[in-house]
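Asks: Dropping the sequence and predicted coords here.
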Amino acid sequence: MIGLELDDASATSVRIDDQGVVQAQARVEAAGDLVAATATALAQVEVTGSDPLGLAATNPDSPAIAPIVASLASRLAGPFKSTGAVMSGTAAAAAEAWTGAARGVQDVVFFGVAQHATGGILRGGVAIAGTRGRAGAVAWLSLNPVEREDYRKTGCLEAEVAAAGLVRRLIWRIKAGDRSRVQDLVNDDLSAITVDHLLDAARGGDGVSISVVRDTAKYLGMAAANLVVVADPEMLVLGGIMASAADLLLDPLRVEMARRLPKPMMDALKIETAVLGPDAAAIGAARLVTAART
């Protein structure tokens, strides 16, 4: 089985067997040409015309992605014949429930944040993709009553907690007069700041970075609580920076969730960090093809 995930900047492909073992994997940066990156990623896992293909995308309706989805339509299998592509979070939820942190769990919510904010729901072991495969578009969760232009472009949640949002909020603090150790790391070139600079500085005790991380954890906890109260899952799986920076984010996120959820719901909820990393959505896309054939 072949799974493919697309975002505006890269294409990730996997070849898996029926047990979910990854036999080949490729991640290709787009460098301005996502069509070429997609072709290269598929070639590197030795895809053939007879291989069933599942497709996930962070935003299937993106101008960069939609034409590729259309061009692959004849090769798509299983549920993808009607939806074209599912949201990356939906595929990641399927993957984590198959071979990851939620292995064997039937009712799962996945919530991940990296370059984008993604979410997905499994009910009774079945991925809830929605009528057009767009269920789980958590980037658009509205958590701030203020209306801003970036919210209208990428969604409120993504604008605040995805990598670019964290960096932007740190830069705002610096421009407002706060001094951060990150400035020394980049020789005061604010355009060179990355989310890793911020997270490493927070681990090192940088007050401004710690403050940004705490604000981020509040947004993440609010979003997670909204997902849980709607889906009432057995397990919440947290991916992206919530997994890689769990030492910074997990405890304050739990505290925020506990403030927002009914106590019986919070007490019964299992919370785990994702284990499949950036390949999860591609693995899940392949899994959804596999599940359709069984």
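Replies: Cool, the structure landed. Residues are numbered from 1 along each chain as shown.

Asks: Could you check the helix or strand of the chain with the lowest mean pLDDT and say which residues are buried?
Replies: Within the chain, no helix or strand scores below helix 80-83, which has a mean of 76 by mean pLDDT, DSSP states H and E. Residues of helix 80-83 classed as buried by neighbour count (16 or more other C-beta atoms under 10 Å): 80, 83. The way it works is simple: take the backbone N, C-alpha and C, and place the C-beta from them, glycine included.

Asks: Which elements pack onto that helix?
Replies: Here helix 80-83 touches strand 53-57, helix 280-293, going by 3 or more C-beta pairs under 8 Å, 6 or more residues apart in numbering; DSSP states H and E.

Asks: For the stretch 151-294 of the chain, which segments count as strands?
Replies: Assigned by DSSP state E, counting those that start in this stretch, the strands in the stretch 151-294 of the chain fall at 235-240, 270-273.

Asks: so where is the chain shaky, pLDDT-wise?
Replies: Applying pLDDT under 70 to the chain picks out residues 292-294.

Asks: How is it divided into domains?
Replies: Domain assignment for the chain by automatic domain parsing gives 2-100+276-293, 139-273.

Asks: could the ones you listed be laid out in CSV, adding distance to D107?
Replies: Output for those, formatted as CSV (distance: least, C-beta to C-beta, whole Å):
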stretch, distance to D107
domain 2-100+276-293, 9
domain 139-273, 4
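
Asks: before we move on, back to that, how about the strands of the stretch 151-294 of the chain in CSV, adding distance to D206 and mean neighbour count?
Replies: Putting the strands of the stretch 151-294 of the chain into CSV (distance: least, C-beta to C-beta, whole Å; neighbours: other C-beta atoms under 10 Å) gives the following:
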stretch, distance to D206, mean neighbour count
strand 235-240, 21, 26
strand 270-273, 24, 16
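
Asks: got CSV for those, with distance to A281 too?
Replies: Listed next are those as CSV, based on distance: least, C-beta to C-beta, whole Å:
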stretch, distance to A281
strand 235-240, 9
strand 270-273, 16
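
Asks: List phi and psi for the residue in the chain sticking out farthest from the centre.
Replies: Distance to the chain centre peaks in the chain at G177, reaching 32.5 Å (criterion: C-alpha atoms, centre = their mean). The phi/psi pair for G177 (degrees, to the nearest 10) reads phi 120, psi -10.

Asks: Over to V108?
Replies: With angles defined as degrees, to the nearest 10, V108 sits at phi -130, psi 140.

Asks: just checking, it touches G239?
Replies: No - V108 is beyond contact range of G239, at 11.7 Å (criterion: C-beta atoms under 8 Å).

Asks: Overlap of the contact sets of these two?
Replies: Taking C-beta atoms under 8 Å, 6 or more residues apart in numbering as the contact rule, V108 and G239 both touch E96.

Asks: quick one: A24 from L157, how far?
Replies: A24 sits 33 Å away from L157, taking C-beta to C-beta, to the nearest Å as the criterion.

Asks: of these two, who's got more company?
Replies: More crowded of A24 and L157, by other C-beta atoms under 10 Å: L157, with 28 against 13.

Asks: where's the residue nearest to that one when sequence neighbours are not counted relative to T12, distance?
Replies: In space, and not counting its chain neighbours, L157 is closest to L141: 4.3 Å by C-beta to C-beta, 6 or more residues apart in numbering. Distance, L141 to T12, by C-beta to C-beta: 24 Å.

Asks: do the same with I128
Replies: Here I128 is placed at a distance of 22 Å from T12 (C-beta to C-beta).

Asks: now swap in A291 and tell me
Replies: 20 Å.

Asks: For those two, work out which one has more neighbours and name it.
Replies: T12 (26 against 16).

Asks: how about G165, what does it touch?
Replies: By C-beta under 8 Å, 6+ apart, the contact set of G165 is 158-159.

Asks: Do I have it right that I128 meets F110?
Replies: No - I128 is beyond contact range of F110, at 11.1 Å (criterion: C-beta under 8 Å).

Asks: So those two - more neighbours on which side?
Replies: Between I128 and F110, counted using other C-beta under 10 Å, F110 has the larger neighbour count: 36 against 16.

Asks: Which helix or strand contains the nearest residue to T118 once chain neighbours are set aside?
Replies: Closest residue in space to T118, ignoring its immediate chain neighbours: G89 at 3.4 Å, by C-beta to C-beta, 6+ apart. If you go by DSSP states H and E, G89 is part of helix 88-99.

Asks: and the angle for that helix with helix 280-293?
Replies: Put simply, helix 88-99 runs at 70 degrees to helix 280-293, going by axes from the mean of the first three to the mean of the last three C-alpha atoms, to 10 degrees.

Asks: Packing partners of helix 88-99?
Replies: strand 2-7, strand 53-57, strand 108-113, strand 117-123, strand 126-127, strand 235-240, helix 280-293.
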